[in-house]
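Peer 1: mind folding the following:
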Amino acid sequence: METKSQRPLGISLLGGFHAVAGPLCMVVAVASSNGAQGAFLFAAGIYAVSAGIGLLRLRSWARSMAIAGYVLNIIEGVVQPNPIAVIIAVLLIAYLCSAKVKAAFAPHTTLTAIPAPTASV
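Peer 2: Reported below is the predicted structural model:
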């Protein structure tokens, strides 16, 4: 039987932020008059919602998605100089790679005793 660790508070906050920010991106995308920018924002919104829900459910793929998203934020922050965005993204990646967070996303298996078969007469 697999059980997950208790969700760290930081993951709850991060997952909740993504789950709320994603739909907001999608609403802004629909209201956008620029087709390419609107399509990108809509895709980013879907990405954020997926990562947020996965983080809240402690899915390892969501942790990987979040890390990949923050790497993209670092690249964007370097290309369009935004040192605050880069610092925040680096700190969030460091948090997502911390031992406590990794342990929360790792599957833990517990062994249960299997009763011995009884002989019927």
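
Peer 1: any low-confidence regions in this protein?
Peer 2: Low-confidence segments of the chain (pLDDT under 70): 1-5, 108-117, 119-121.

Peer 1: quick one: the strands in it, in order.
Peer 2: For the chain, applying DSSP state E gives strands covering 2-3, 108-109.

Peer 1: now do the helices in the protein.
Peer 2: 9-31, 35-56, 60-79, 83-96, 99-105 (DSSP state H).

Peer 1: run the chain-centre distance for the fourth one.
Peer 2: The offset between the C-alpha centroid of helix 83-96 and the centroid of the whole chain comes to 14 Å, using CA atoms, centre = their mean, to the nearest Å.

Peer 1: quick one: list the elements packing against that helix.
Peer 2: Helix 83-96 is packed against helix 60-79, with contacts defined by 3 or more CB pairs under 8 Å, 6 or more residues apart in numbering; DSSP states H and E. (Each C-beta comes from the backbone N, C-alpha and C, glycine too.)

Peer 1: switch the cut-off to 10 Å
Peer 2: Secondary-structure packing of helix 83-96 (3 or more CB pairs under 10 Å, 6 or more residues apart in numbering; DSSP states H and E): helix 9-31, helix 60-79, helix 99-105.

Peer 1: do the last one as well
Peer 2: Using 3+ CB pairs under 10 Å, 6+ apart as the contact criterion, the secondary-structure elements in contact with helix 99-105 are helix 9-31, helix 35-56, helix 60-79, helix 83-96.

Peer 1: kindly reformat those helices as a markdown table containing mean neighbour count and distance to Thr118.
Peer 2: Listed next are the helices and strands packed on helix 99-105 as a markdown table, based on neighbours: other CB atoms under 10 Å; distance: least, CB to CB, whole Å:
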| stretch | mean neighbour count | distance to Thr118 |
| --- | --- | --- |
| helix 9-31 | 16 | 45 |
| helix 35-56 | 17 | 44 |
| helix 60-79 | 16 | 40 |
| helix 83-96 | 15 | 49 |
